[in-house]
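Trainee: A structural model of the following input is requested.
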Amino acid sequence: MWFLYLLSWFATFVQVCLVTLALAAGLYYLAELVEEYTVLTGRIIKWLLLLTAGTYIGLILFEDLPYYLTLAGLLSTGFYSLLLMNFPFIELMSPIFILSCVLVFINHYLAFRYFADVWHPFSEVLAFFTICLWLVPFAFFVSLSANDNVLPTTHKHSDSKGNEDVVTSYFNKRSKRSGILSLFDKVKDSVLPERTKRF
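Mentor: The predicted structure follows:
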């Protein structure tokens, strides 16, 4: 009896490792697609924002969720839409980005507080979290790496040095990649050994 119990714990560990690997591979693939198709990604995020705003309006009209929960969600959707003005260039230190991140945490806090007090079926709670809280921030999170790979002629970069041209600024910035794709590349380089070709 104890052997099967230990075997179940080992199998659970293996399953968690495989799911984590599958999620990492999926994120890597999504980041590659976002870098390749930035205009299409911007359109998809725009449609996701409209879907989320429509969902909040539907929740206001047809459900009796508290107004603080739905209005905070609509407010955060408005701030997310401001991030699309310069997409795919998302400045991590801009007030809009920082306020959007703060609103993600505030929305999660409000949702956890509400769903802890009022019982709803798990499928409804998961639907609310997926569509209203996770979909748009996840899309922006995956698209952060696209900022590093866009041609330099479409962005006015305010450089403190003032004397660098657009191309020099682009190549200096390109050497300092900071997106999710560069994180995966660093993990890949540190975990997997590099193969050398033999002739």
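
Trainee: any idea of the mean pLDDT for stretch 94-102?
Mentor: Mean pLDDT, taken over the full extent of stretch 94-102, equals 89.

Trainee: for stretch 69-76, same thing?
Mentor: Along stretch 69-76, the predicted confidence averages to a pLDDT of 92.

Trainee: Just the CA coordinates for that stretch, please, in CSV.
Mentor: Only the C-alpha atoms of stretch 69-76 are listed here, as CSV (Å, rounded to 0.1, in the frame of the first residue of the first chain):
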residue,chain,number,x,y,z
LEU,A,69,-15.9,45.1,-9.2
THR,A,70,-17.2,45.7,-12.7
LEU,A,71,-16.3,49.4,-12.8
ALA,A,72,-12.8,48.8,-11.6
GLY,A,73,-12.5,46.2,-14.5
LEU,A,74,-13.8,48.7,-17.0
LEU,A,75,-11.3,51.3,-15.7
SER,A,76,-8.4,48.9,-16.0
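
Trainee: Pull out the buried positions in it.
Mentor: Residues of stretch 69-76 classed as buried by neighbour count (16 or more other CB atoms under 10 Å): 69-70, 72-74, 76. All C-beta spots, glycine's among them, are computed from the backbone N, C-alpha and C.

Trainee: okay if I get the residues you listed as JSON lines plus distance to L103?
Mentor: Formatted as JSON lines, the buried residues of stretch 69-76 follow (distance: CB to CB, whole Å):
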{"residue": "L69", "distance to L103": "13"}
{"residue": "T70", "distance to L103": "14"}
{"residue": "A72", "distance to L103": "7"}
{"residue": "G73", "distance to L103": "9"}
{"residue": "L74", "distance to L103": "11"}
{"residue": "S76", "distance to L103": "4"}
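
Trainee: Can I get those residues in TSV including distance to L33 and secondary structure?
Mentor: Written out in TSV, the entries for those read as follows (distance: CB to CB, whole Å; DSSP: H, G, I helix; E, B strand; the rest coil):
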residue	distance to L33	secondary structure
L69	33	helix
T70	32	helix
A72	31	helix
G73	27	helix
L74	29	helix
S76	25	helix
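
Trainee: Tell me the confidence at the residue most central in space within the chain?
Mentor: When CA atoms, centre = their mean is applied to the chain, the residue found nearest the centroid is F141 (2.2 Å). According to the per-residue confidence, F141 scores 84 in pLDDT.

Trainee: Residues contacting whichever strand or helix holds it, please?
Mentor: Under the criterion of DSSP states H and E, F141 resides in helix 135-142. The contact list for helix 135-142 (CB atoms under 8 Å, 6 or more residues apart in numbering) reads 27, 30-31, 34, 41, 44-45, 48-49, 51-52, 77, 80, 83, 90, 100, 104, 180.

Trainee: Is it possible to mark the buried ones in those?
Mentor: Judged by neighbour count, with 16+ other CB under 10 Å as the criterion, the buried members of these are 27, 30-31, 34, 41, 45, 48-49, 52, 77, 80, 83, 90, 100, 104, 180.
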